[in-house]
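Chemist: After the sequence you'll find the predicted model.
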Amino acid sequence: MNRTFGDRLLLALLIGAAFVWMTPMLWVLAMSLKPNAMLVGSTRGILPWPHTLENFATLMRVSMTPRWLLNSVVVAFAMTALTLVLSSLAGYAFARIDFPGRRAVFLLVLAGLMVPEQAIFVPLHAMLASWEMHNTYFSLVAPRLAAPMGVFLMTQFFKAVPRELEEAAELDNASRLKIFWSVMLPLSRPALTTLGIFTFLFAWNDFLWPVVTATQPEMYTLSVGLGSLQGNFAMSEGLGFLMASAVFASAPMLGVYVVFQRYIVQGITMTGGK
Amino acid sequence: MKMKTLLPATLLLAVTLGASPALAGTEITLFRFFGGCSDEYAHVTDLSKAVGECGIIQVLANKFNAENKEGITVKTQSVEWGVYYDRLSANVAGRTPPDIAVMHRSVLPNYVVRNLLQPLGKDFATVGIDTADFVPVAREAVTSKGEVWALPFDLHALLWHVNADLFTQAGLVDAQGQPKMPTSPAELLRHAETMKAKTGKPYFAIPSGSDPMPAWQYLTWVWQQGGNLVDAERKAQLESKESKEALRLLNALYAAGHANRKHDYAGAQQAFLAGQAAVLVNGTWGVDTYAAQAKDPKSALKNYVVRDMPNLYGKEAVWSDSHTWVLPQQPKPDAAKQKAALVFLKFLYDNNLQWARTGHLPVRASMLQSAEMRALPHRAEYTRTATIATALPPIEYQRAHMDLLVNELNSTWLVNKEQDKALSDAQRAASAILRRSRHR
């Protein structure tokens, strides 16, 4: 394939921009491979020399790390699966079922986009406390299932599906649930994938709510657990360990990005950026 | 004996025997920051093997668990420093408060005024904690309305960490060859000029970005002039002449290049360790780290010494705070846990000197003057700090107050905000905060 000069120039610029964007991540990786004592004096340089795996070994020696990893996996998968179920059902109802007050309820759901999550923390916390439900998977997952963005995304998607497809299924005597399951859901795979990826990423990186509801170390997610290991001066005296924690926690997410890159780009286009 | 007399006698006997329920098997939660290192120090009970804040408090808990005769178990819950107070407040609001929590003295008034803590004065006397042995600033720190609300554990204060070689190179030494500290603002600026001229290095390394360090130095200079953040009626005093002078001096240092206004905490520390600044303004907590770095043959910092805060304006004062231990009010009081918590506090009180190995100063006068304390590296160089340590006034919303002060002060050297404007903006915001707290 012959590339024009313009193409080559653009490619070079993009490679340069990508390198600039990647430099902080490379720096984090380099620091995670340097001894803490050395980083107190200097954090310069990408090349990790002298290098050590001690920071990662320390992380692995923490007996709770596998438990925190498991909690993150459980929470992220549960939140993703349940958000997909609820958002697709709600989206389908708003897009296709003409029930009384549909518009008002839909506006109410969208209004949820304007409420900052911090604003509802206190009543949410008090409610779960009165039920004695803190430090459970329920308290980690359930409050995050109200996802107005997911409902909006699925509603818009289902609205765009031609009605004729449903009508054809109705002629074959398919029930509403059958139509949803056999016709609409297979068609909505791109939207579901996008929503699933974003929900999973959000759940994995979530810190604020888990740090409030999970007070027992056994129920910490990975982000909360790794945070709890930091000393008061981690940014200077435990920097290598801090960076190793960052690498460890973000590695699964980097994998998700690599595998689902195409869908993530599609999703950003579909939602107008998130 | 009749039933009428038997019952009170039995009760009296129970009270005489301590009225304490059996403590064997009692588990109490210790809620703290300082980091998580329970695995690194699993089963370690030898305090000499513990290093740093996390290591020492963890090994103290391990040692207590292994050796206490009552059969009490302390279970640690470590929380990241940045979200610690949010988590503590959430636990209290959720009616699941810990049995013991660490708390800065500057935060204590927020919890005392809301009646969220247990008063401890009488209980301390029962378990043998002598509040008369606390140094005055520590005793005042935990006392409010005539009641003691916490066990003070340390004094942490601002120090000047000094590269003595640069002082020698600049000729800023006394007759004994020791670094010469300034005694007035004018002398400080002269010393800084000399340092720059003779060594080419700035006098100061101060974490100056979003760090509170310059605000603590500013407060120190305000107090040294006899000023304060609030007056006796708790009205903000941020536009006072003392406040203006302290901010002027800080800005004069930055403007003349005697401190790098872009340094953050790690950056200022790295500059000092690389021999690129003569004085690092930082707290007691840095002493052992810098002493260890200075022993490294590759380190540019060879001759490290510590100095108490120099008195530039006449009145001795230095910013300080304390780590204290509190017992939150419990929605369902449990006498056994309450008693167990007090037994653990007594253990911490007895081992106050161990905590001094973090660089912080012990709060017990008897330990502060002890030979063991003086034997710790550099501690003899800053024992005076315990007598000049000054605490923030005990006002509610102290953290909000400090945050706005840090933002306004830092804006004068970071974005060249006019100094008078910064102080008047700070005064207005601080007054609003103080009005809210006075109404409670």
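Modeler: Received, thanks.

Chemist: For the stretch 1-150 of chain A, which residues are neighbours of chain B?
Modeler: Selection of the stretch 1-150 of chain A residues close to chain B by Cβ under 8 Å from any Cβ of the partner chain yields A:37, A:40-43, A:58, A:61-64, A:121-122, A:125-126, A:128-129, A:134. Using the backbone N, CA and C atoms, a C-beta is placed for each residue, glycine as well.

Chemist: Generate a PyMOL selection restricted to the buried entries among those residues.
Modeler: Typed into PyMOL, the line below selects the buried ones among those, using 16 or more other Cβ atoms under 10 Å in any protein chain shown:
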select buried, chain A and resi 40+41+43+58+62+64+121+125+128+129+134
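
Chemist: In helices only, show me the residues of the stretch 1-150 of chain A next to chain B.
Modeler: Within the residues of the stretch 1-150 of chain A next to chain B, residues falling in helices by DSSP state H are A:Ala37, A:Val40, A:Gly41, A:Thr58, A:Arg61, A:Phe121, A:Val122, A:His125, A:Ala126, A:Leu128, A:Ala129.

Chemist: and those as a markdown table, adding distance to B:Leu189 and pLDDT?
Modeler: Formatted as a markdown table, those follow (distance: Cβ to Cβ, whole Å; pLDDT from 0 to 100):
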| residue | distance to B:Leu189 | pLDDT |
| --- | --- | --- |
| A:Ala37 | 35 | 79 |
| A:Val40 | 30 | 79 |
| A:Gly41 | 29 | 78 |
| A:Thr58 | 46 | 84 |
| A:Arg61 | 51 | 81 |
| A:Phe121 | 49 | 84 |
| A:Val122 | 50 | 81 |
| A:His125 | 52 | 87 |
| A:Ala126 | 55 | 86 |
| A:Leu128 | 57 | 90 |
| A:Ala129 | 56 | 87 |
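
Chemist: Quick one: low-confidence residue ranges for the stretch 51-200 of chain A.
Modeler: Low-confidence segments of the stretch 51-200 of chain A (pLDDT under 70): none present.

Chemist: pull the longest helix from chain B.
Modeler: Assignment by DSSP H gives helix B:419-438 as the longest helix of chain B.

Chemist: If you count neighbours, what's buried in that one?
Modeler: Going by neighbour count (16+ other Cβ under 10 Å), the buried part of helix B:419-438 is B:Gln419, B:Ala422, B:Leu423, B:Asp425, B:Ala426, B:Gln427, B:Ala429, B:Ala430, B:Ile433, B:Leu434, B:Ser437.

Chemist: quick one: buried residues of the helix or strand hosting A:Ala169?
Modeler: Assigned by DSSP states H and E, A:Ala169 belongs to helix A:163-171. For helix A:163-171, burial by neighbour count (16+ other Cβ under 10 Å) applies to A:Glu166, A:Ala169.

Chemist: Give me the contacts around that helix.
Modeler: Applying Cβ atoms under 8 Å, 6 or more residues apart in numbering or on different chains, the external contacts of helix A:163-171 come out as A:Arg96, A:Lys178, A:Ile179, A:Ser182, A:Val183, A:Met184, A:Leu187.

Chemist: Is it possible to mark the buried ones in those residues?
Modeler: Listed as buried from those are A:Arg96, A:Ile179, A:Val183, A:Met184; burial here means 16+ other Cβ under 10 Å.

Chemist: Tell me which two of those sit farthest apart.
Modeler: Farthest-apart pair in the buried ones among the contacts of helix A:163-171 is A:Arg96 and A:Val183; separation 10.8 Å (Cβ to Cβ).

Chemist: contacting residues around the closest residue in space to B:Val79 that isn't next to it in sequence?
Modeler: Counting by Cβ to Cβ, 6 or more residues apart in numbering or on different chains, B:Val79 lies nearest to B:Arg87, which is 5.0 Å off, once chain neighbours are set aside. By Cβ under 8 Å, 6+ apart, the residues touching B:Arg87 are A:Val211, A:Val212, A:Thr215, B:Phe31, B:Val79.

Chemist: Can you lay out those as a markdown table showing pLDDT, secondary structure and distance to B:Arg105?
Modeler: Below are the contacts of B:Arg87 laid out as a markdown table (pLDDT from 0 to 100; DSSP: H, G, I helix; E, B strand; the rest coil; distance: Cβ to Cβ, whole Å):
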| residue | pLDDT | secondary structure | distance to B:Arg105 |
| --- | --- | --- | --- |
| A:Val211 | 89 | helix | 24 |
| A:Val212 | 87 | helix | 25 |
| A:Thr215 | 83 | coil | 24 |
| B:Phe31 | 95 | strand | 17 |
| B:Val79 | 87 | coil | 19 |
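
Chemist: Now do the phi/psi pair for B:Leu368.
Modeler: Torsion angles at B:Leu368 (phi, psi; degrees, to the nearest 10) stand at phi -60, psi -40.

Chemist: Confirm for me that it is in contact with B:Thr383.
Modeler: Yes: B:Leu368 lies in contact with B:Thr383 (Cβ atoms under 8 Å); the separation is 6.5 Å.

Chemist: Which neighbours do those two have in common?
Modeler: Residues touching both B:Leu368 and B:Thr383 by Cβ under 8 Å, 6+ apart: B:Leu361.

Chemist: higher neighbour count, the two?
Modeler: Set B:Leu368 next to B:Thr383 and count neighbours by other Cβ atoms under 10 Å in any protein chain shown: B:Leu368 wins out with 22 against 14.
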